[in-house]
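Chemist: return a 3D structure for these sequence lines:
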Amino acid sequence: MHPGSIALTNIGQLVTNDPARGDLLGVVADAVVVIEDGVVVWAGERTEMPDAFDAVDCEGRAVLPGFVDPHTHAAFAGDRSDEFARRLRGESYEQIMASGGGIQSTVAATRRASRDELIHLTTNRLLRMRGSGATTVEIKSGYGLDGEHELMLLEVAAVAGAAAGVDVVPTFLGAHTTPPEFTGDADGYVDYLIEQVLPECAPHARFCDVFCDEGVFTVDQARRVLVAGKAHGLVPRLHANQLARSGGVQLAAEVGAISADHLDHLEDDDIELVRAAGIVAVMLPGVAFSLRLPQARGRDLWDAGVPVALGTDCNPGTSNVETMPFVVALACLEMGLSPEQAVWSATRGGALALGLEDRGWLGPGAVGDLVILNDPSYVHLAYRPDAPHVAGVIKRGVRRDALSPGRQ
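Modeler: This next block holds a predicted model:
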């Protein structure tokens with residue numbers, strides 16, 4: 001037997017995300033999954049399974065592909081619970097940012113932290129994410145905002161991912177906001193990013209992202225960063241239309257972005273543009289939940305034929321959410337997705353948002369990443385949003401303890 005060789009048997013309900021099986025999730029009852037050398041070699045009915053070994057009896061539980069979280073800011077130091085309380089007392093996110101809070105307070109805390117402290121904090125977050133079923137997690141830089149710290153955050157993300165047993169997909173987000181040393185000179189900061197920071201950071205990232213929105217970076221500034229990122233081999237993606245209908249959707253289509261994320265302010269023609277451009281819409285329902293704002297039009301995007309992904313947007317200020325099962329519940333109960341749409345978006349949709357064809361589904365050739373639920377059906381993710389849903393996690397064919405460390 002090779003490492004990463006395992007058979008999951010007695011699966012009550014298997015989500016394959018194989019549309020050839022007749023429905024969106026390609027559900028198979030009384031199923032078996034066989035993984036060899038970390039790759040799925042069989043996923044289907046028990047009666048047709050090949051000979052296997054090292055069987056894990058799932059005892060009638062539901063099994064899903066590992067969750068793929070396509071949007072997080074999980075590498076950071078500091079705490080913004082005081083801002084959370086201020087919002088609950090009536091202050092807006094924009095007011096808090098104007099008073100020196102928001103992203104700037106996390107930048108200050110992250111710059112003060114040592115590399116080892118950042119690795120420790122990020123590793124523990126990823127362990128908790130893995131314990132809730134996430135097997136692939138995108139992590140952005142963006143809390144350093146200078147060459148030294150942006151590079152450090154990308155390196156920290158890679159080290160933490162290896163330590164936690166999670167595949168980390170790195171994104172350069174130097175254009176998250178303008179740092180204090182460039183106050184009032186966003187154009188100068190963009191010059192600095194393009195000329196000095198991107199060349200050092202690009203080899204450590206897969207994507208280039210920009211917070212293109214009202215009061216942050218303009219369409220022209222964002223375009224400059226994304227075009228420069230493409231010149232360094234980075235695939236563009238965007239924080240778009242979160243705070244206002246700011247032109248981010250149009251820019252995403254123009255530069256060929258793989259995803260447009262947030263999308264809280266959309267008109268029907270924006271939705272059609274996203275669809276026509278083949279952009280994945282990354283929905284982050286934890287943000288509206290935390291900020292007590294209306295949810296984005298996730299169901300309208302889905303109904304228009306746009307591929308939808310779900311992510312936690314794990315960050316210390318606007319979405320202090322780490323668990324994908326809770327995001328699935330929010331997408332159903334607050335955003336209006338069906339359980340089937342939400343589960344697909346949290347697995348296959350997230351993989352498409354990261355350009356990962358080998359995960360988010362279960363069949364021969366897929367990465368052997370699976371979540372064993374404590375439940376008989378995936379519907380329980382939304383039906384019982386406060387339940388401990390994850391019984392076990394399989395990462396590249398290796399069993400992982402679903403337990404995770406406490407919050408820090």
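Chemist: now the strands for the stretch 51-200 of the chain?
Modeler: 55-57, 62-65, 67-69, 134-140, 167-175 (DSSP state E, counting those that start in this stretch).
Chemist: pull out the buried residues from the second one.
Modeler: Applying a neighbour-count criterion of 16 or more other Cβ atoms under 10 Å, the buried positions in strand 62-65 are 62-65. Where C-beta positions appear, they are placed from N, C-alpha and C, glycine not excepted.
Chemist: and stretch 248-261, average pLDDT?
Modeler: For stretch 248-261, mean pLDDT rounds to 98.
Chemist: and that stretch, how far apart are its ends?
Modeler: End-to-end span of stretch 248-261 (Cα to Cα, to the nearest Å): 10 Å.
Chemist: residues in contact with that stretch?
Modeler: 70-71, 207, 209, 212-213, 219, 222-223, 226-227, 230, 235-241, 263, 266, 270, 273-274, 276-277, 279-282, 284, 309, 311, 353-355 (Cβ atoms under 8 Å, 6 or more residues apart in numbering).
Chemist: out of the strands of the stretch 51-200 of the chain, flag the one nearest V33.
Modeler: strand 62-65 (6.8 Å; Cβ to Cβ).
Chemist: show me what that closest one is packed up against.
Modeler: In terms of contacts (3 or more Cβ pairs under 8 Å, 6 or more residues apart in numbering; DSSP states H and E), strand 62-65 is packed against strand 6-14, strand 370-373.
Chemist: and G78, which of the ones you listed is closest to it?
Modeler: strand 370-373 (30.4 Å).
Chemist: give me the sheet partners of the closest one and which way each runs.
Modeler: strand 62-65 (antiparallel), strand 390-395 (antiparallel) (DSSP bridges).
Chemist: what is the next helix or strand after that strand packed up against?
Modeler: Next helix or strand after strand 370-373 toward the C-terminus (DSSP states H and E): helix 380-383. Helix 380-383 sits against helix 324-333, helix 339-344, with contacts defined as 3+ Cβ pairs under 8 Å, 6+ apart.
Chemist: which ones among the contacts of stretch 248-261 map onto helices?
Modeler: 219, 222-223, 226-227, 230, 270, 273-274, 276-277, 353 (DSSP state H).
Chemist: name whatever forms a beta bridge with V390.
Modeler: Here V390 shows beta-bridge partners L373, assigned using DSSP bridges.
Chemist: next, count neighbours for it.
Modeler: 24 (other Cβ atoms under 10 Å).
Chemist: confirm for me that it is in contact with R130.
Modeler: No. Assessed by Cβ atoms under 8 Å, V390 is found out of contact with R130, at 9.3 Å.
Chemist: for V68, list each beta-bridge partner.
Modeler: Taking DSSP bridges as the rule, V68 bridges to T136.
Chemist: return the residues in contact with it.
Modeler: If you count contacts by Cβ under 8 Å, 6+ apart, V68 has them with 134-137, 309, 346-351, 353-354, 356, 359-360.
Chemist: now with 7 Å?
Modeler: With contact taken as Cβ atoms under 7 Å, 6 or more residues apart in numbering, V68 is in contact with 136, 347, 350-351, 354, 356, 359-360.
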